[in-house]
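Enquirer: got a predicted structure plus its sequence, pasted below:
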Amino acid sequence: MAGTVLFTHPVCLEHEAGPHHPERPERLRAVLERLAQPEFAALERREAPRATLDQLKSIHAEALVDGLLGAVPERGFVAIDGDTALSPASGEAALRAAGAVCAAVDAVLGGAAKNAFCAVRPPGHHAEPERAMGFCLFNNIAIGAAHARRQHGLERVAVVDFDVHHGNGTQAAFERDAALFFASTHQWPLYPGTGAADETGVGNIVNAPLPAGAGSAQFRDAIESRIVPALEAFAPELLLISAGFDAHRDDPLAGLCFVESDYGWVTERLAALAAVLCRGRVVSTLEGGYDLEALAASAAAHVAALLAA
């Protein structure tokens, strides 16, 4: 068995969301350059395959899938909403991003890897079943959860999301299905406006909103007091992580004050919990993070903890 497997694809560097857009190729390049350093030599690197249309449609409406892929331009940009756009490589990048998570699920559940990190873009957690939004085209993590259930027969799959923005798309996909669990720490109030503590789905949604200015102590308390007990009670067979690093104190898009060591800590905590609950089976995928240096350092702390798990 491999230890930690890194799934990525060069086309994820070619997706463009428009001039001066914060969700830019340099984000992924910064992460990959940091993970190319000697201390990450133990990472096994694999090329992300394309997701199938059936995999996409396990979460998204057929009209959304066909409409987005059909709208990819030959040149220039096509606006999806005020901050989400398609460019010529966007369709292929989105297929590889979702396919990475499905392939990572296959590797971990098939015993070929201990855990996995998907270094891909566009991100996914804002994409709702019937709507692309918030820099996201398809909901990569939700598609991976559906794949784990359909292809591997799992009954209970959990997602923990520590991006600074609430994962409204994942919540929307999960909130009526008691066999799926979603927990999120995020700044509140903030885009996209969801994620209040009283949004609990059918008892399977745990939101731990944090006020602007909150830092390490508040984050760690939210994980320990709110999310860990709920995750233990749910007892997942697979733990998925929406790994956004934009709650870092240097990130320009929000106002939380996490530091790199917080990402190492939460990854260690979740990996230790997964070792007890689901044989250590963890798959993580990149979401937000818009200060390049903070993003690279935080992602490195996250992957180092996965390697050490």
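Expert: Structure's in. What do you need? Small disclaimer: the values here were computed from a predicted structure and weren't measured.
Enquirer: all contacts plus neighbour counts: C-alpha atoms, from now on.
Expert: Noted.
Enquirer: the residue lying closest to G167 once chain neighbours are set aside: what's it in contact with?
Expert: Once flanking residues are discounted, G167 sits nearest to H125: 4.9 Å by CA to CA, 6 or more residues apart in numbering. By CA atoms under 8 Å, 6 or more residues apart in numbering, H125 lies in contact with 136, 139-142, 167-170, 242, 287.
Enquirer: which one of those sits closest to L35?
Expert: E287 (16.4 Å; CA to CA).
Enquirer: re earlier: mind putting the contacts of H125 in a markdown table, pLDDT, secondary structure and neighbour count included?
Expert: Output for the contacts of H125, formatted as a markdown table (pLDDT from 0 to 100; DSSP: H, G, I helix; E, B strand; the rest coil; neighbours: other CA atoms under 10 Å):
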| residue | pLDDT | secondary structure | neighbour count |
| --- | --- | --- | --- |
| C136 | 98 | strand | 25 |
| N139 | 99 | coil | 28 |
| N140 | 99 | helix | 36 |
| I141 | 99 | helix | 29 |
| A142 | 99 | helix | 35 |
| G167 | 99 | coil | 31 |
| N168 | 99 | helix | 21 |
| G169 | 99 | helix | 27 |
| T170 | 99 | helix | 28 |
| S242 | 99 | strand | 26 |
| E287 | 99 | coil | 31 |
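Enquirer: if we can go back for a sec, checking the residue nearest to G167 next. Helix, strand or coil?
Expert: coil (DSSP: H, G, I helix; E, B strand; the rest coil).
Enquirer: go ahead and flag the most central residue of the chain.
Expert: S242 (2.7 Å; CA atoms, centre = their mean).
Enquirer: surely that residue meets N139?
Expert: No: taking contacts as CA atoms under 8 Å, S242 lies outside contact range of N139: 10.3 Å.
Enquirer: contact partners for the closest residue to L109 other than its chain neighbours?
Expert: Leaving out its chain neighbours, the residue that sits closest to L109 by CA to CA, 6+ apart is R281, at 7.1 Å. R281 makes contacts with 108-109, 114-115, 237-239, 274-275, as judged by CA under 8 Å, 6+ apart.
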